[in-house]
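[1] No sequence on hand, only this structure:
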């Protein structure tokens with residue numbers, strides 16, 4: 001795990017992992033209702049220059065209110081053309097959300113690379129309906145070695 005390359009990205013518009021999971025579930029239901037298959041994705045302006053490394057087992061680590069709390073494995077990168085004709089990168093993600101140890105991240109724009117050695121450890125799969133501790137409490141417990 002320490003050799004892989006990942007991305008870290010702010011999860012804008014949601015406060016916790018269950019919000020992201022709910023958003024992705026709604027998109028999946030809308031796609032199925034229109035007869036299309038749904039795979040979670042995120043569109044970003046910049047195309048990662050290190051795509052081969054990302055596609056060799058990398059994940060997108062999601063930051064919620066200043067804390068990395070979850071990740072999704074990156075399946076592929078697709079070109080997406082916006083209505084403005086500008087080429088963007090569609091980061092296609094695995095459907096499974098994996099909870100991670102809570103790690104603080106300062107605000108930033110776009111995405112950043114994250115090495116496997118610097119990535120938070122997995123806690124386990126996200127299960128719908130599970131109780132979520134507030135992110136700040138998760139970070140404190142992780143710092144104490146409890147989580």
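    That came in fine, so what should we check first? Model, not experiment: these values are computed from the prediction. Numbers count the residues shown, from 1 in each chain.
[2] can you list contacts of the longest helix anywhere in the chain?
    As assigned by DSSP state H, the longest helix anywhere in the chain is helix 17-33. Identification of contacts with helix 17-33 by CB atoms under 8 Å, 6 or more residues apart in numbering yields 11, 14, 37-38, 40, 62, 64, 69-70, 95, 97, 99, 126, 128, 130, 132. The C-beta positions use only the backbone N, C-alpha and C, and glycine is treated the same way.
[3] Could you identify the buried members of these?
    The neighbour count (16 or more other CB atoms under 10 Å) marks 11, 38, 40, 62, 64, 69, 70, 97, 99, 126, 132 as buried among these.
[4] Please name the nearest non-neighbouring residue to the fifth one.
    Computed as CB to CB, 6 or more residues apart in numbering, the closest residue to residue 64 that is not its neighbour in sequence is residue 11, at 5.3 Å.
[5] Also the second one?
    Among residues not flanking residue 38 along the chain, residue 31 sits closest, at 3.7 Å (CB to CB, 6+ apart).
[6] any idea how far the one you found lies from residue 74?
    20 Å (CB to CB, to the nearest Å).
[7] Which one's more surrounded, these two?
    Set side by side, residue 31 and residue 74 show more neighbours around residue 74, with 23 against 13, by other CB atoms under 10 Å.
[8] Each with direction, which strands does the helix or strand where that one lies pair with?
    Following DSSP states H and E, one finds residue 74 within strand 67-81. Using DSSP bridges, strand 67-81 pairs in its sheet with strand 59-64 (antiparallel), strand 87-93 (antiparallel), strand 98-104 (antiparallel).
[9] would CSV of the ones you listed with distance to residue 114 and mean pLDDT be doable?
    Listed next are those as CSV, based on distance: least, CB to CB, whole Å; pLDDT from 0 to 100:
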stretch, distance to residue 114, mean pLDDT
strand 59-64, 6, 96
strand 87-93, 14, 95
strand 98-104, 10, 94
